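Colleague: coordinates only, sequence not included:
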């Protein structure tokens, strides 16, 4: 298989899937239609548990087994949610209007805004901007990964990307499996993805056996 090939897919629990993330053993998901946040089963995408989102238009979610980062398009807020019951632990304003995507892990937050276009790294303590750069296309709608990996998608280009964690440049890209890519996340070995056009949830191939990137080669040489 190749980068972003579909490994498995299923219907999202409701209409308007707009955010997904987690890690190899965990899926956090949200839907715009019912305004819900879910934990999904990694084997068949069935619902393990669910609760109402903290606001009206949940558009992005990610994190890892012990952490949930979430954002809402209408409130312009970024949240940390409790993994036990999806209640709000803390919140702050997003760095710009209409936040669409968020993800990362316990020590890292990747974030993007649809209208302003940038991709951000946010501080996990107060959600302030650590750094930012332009998104690779016009309508960035999803982002996730972990400290060493960024998965990203864009509704305008209908593309799935891997971005460089040092400068947000494109490492590789390919077409999304459907017409409305709105959420992506996972970890270095796992890609969870959802599509608003098809109301589907996917696991995509991370293609971890690809040749190392220039950044990875530089890091390896510097550690020798």
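Modeller: Perfect, I can see it now. None of these values were measured; they are calculated from a predicted model.
Colleague: first vs last residue of stretch 90-108, how far apart are they?
Modeller: End-to-end distance for stretch 90-108: 16 Å, by CA to CA, to the nearest Å.
Colleague: Name the residues of it that are buried.
Modeller: Burial within stretch 90-108, assessed by neighbour count using 16 or more other CB atoms under 10 Å, is assigned to 91, 94-96, 98-105, 108. Yep, even glycine has a C-beta here, placed from its N, CA and C like the rest.
Colleague: As CSV, the residues you listed with secondary structure, distance to residue 64 and pLDDT would be great.
Modeller: Shown next, in CSV, are those (DSSP: H, G, I helix; E, B strand; the rest coil; distance: CB to CB, whole Å; pLDDT from 0 to 100):
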residue, secondary structure, distance to residue 64, pLDDT
91, strand, 19, 97
94, coil, 21, 94
95, coil, 22, 93
96, coil, 25, 84
98, coil, 25, 87
99, strand, 20, 92
100, strand, 20, 93
101, strand, 16, 96
102, strand, 13, 97
103, strand, 9, 98
104, strand, 8, 98
105, strand, 4, 98
108, strand, 10, 98
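Colleague: now for those, which pair is the farthest apart?
Modeller: Using CB to CB, the buried residues of stretch 90-108 span at most 24.3 Å, a distance reached by 98 and 105.
Colleague: Could you give the backbone dihedrals for residue 94?
Modeller: Note on residue 94: its backbone torsions stand at phi -70, psi 160 [degrees, to the nearest 10].
Colleague: Tell me which residues touch it, please.
Modeller: Contacts of residue 94 were listed using CB atoms under 8 Å, 6 or more residues apart in numbering, and they are 71, 76-78, 111, 113, 127.
Colleague: Tell me the bridge partners for the residue nearest to residue 87 when sequence neighbours are not counted.
Modeller: Spatial nearest neighbour of residue 87, chain neighbours left out: residue 81 (6.8 Å); criterion: CB to CB, 6 or more residues apart in numbering. Beta-bridge partners recorded for residue 81 (DSSP bridges): residue 68, residue 88.
Colleague: thought residue 81 was touching residue 88?
Modeller: Yes. Contact criterion CB atoms under 8 Å: residue 81 and residue 88 qualify, at 6.3 Å.
Colleague: ok now stretch 187-195, how far from the chain's centre?
Modeller: 8 Å (CA atoms, centre = their mean, to the nearest Å).
Colleague: Please identify the buried residues of it?
Modeller: 187, 190-195.
Colleague: and residue 81 and residue 88? which has more neighbours close in?
Modeller: residue 81 (23 against 14; other CB atoms under 10 Å).
Colleague: So, low pLDDT: which residues of the protein?
Modeller: Scanning the chain for pLDDT under 70 picks out the ranges 116, 210-224.
Colleague: ranges for the helices of it?
Modeller: 214-223 (DSSP state H).
Colleague: Now residue 188. Nearest residue, chain neighbours left out?
Modeller: Distance criterion CB to CB, 6+ apart; nearest residue to residue 188, sequence neighbours excluded, is residue 149 at 4.4 Å.
Colleague: ditto for residue 13
Modeller: Nearest to residue 13 is residue 47, by CB to CB, 6+ apart, at 5.1 Å.
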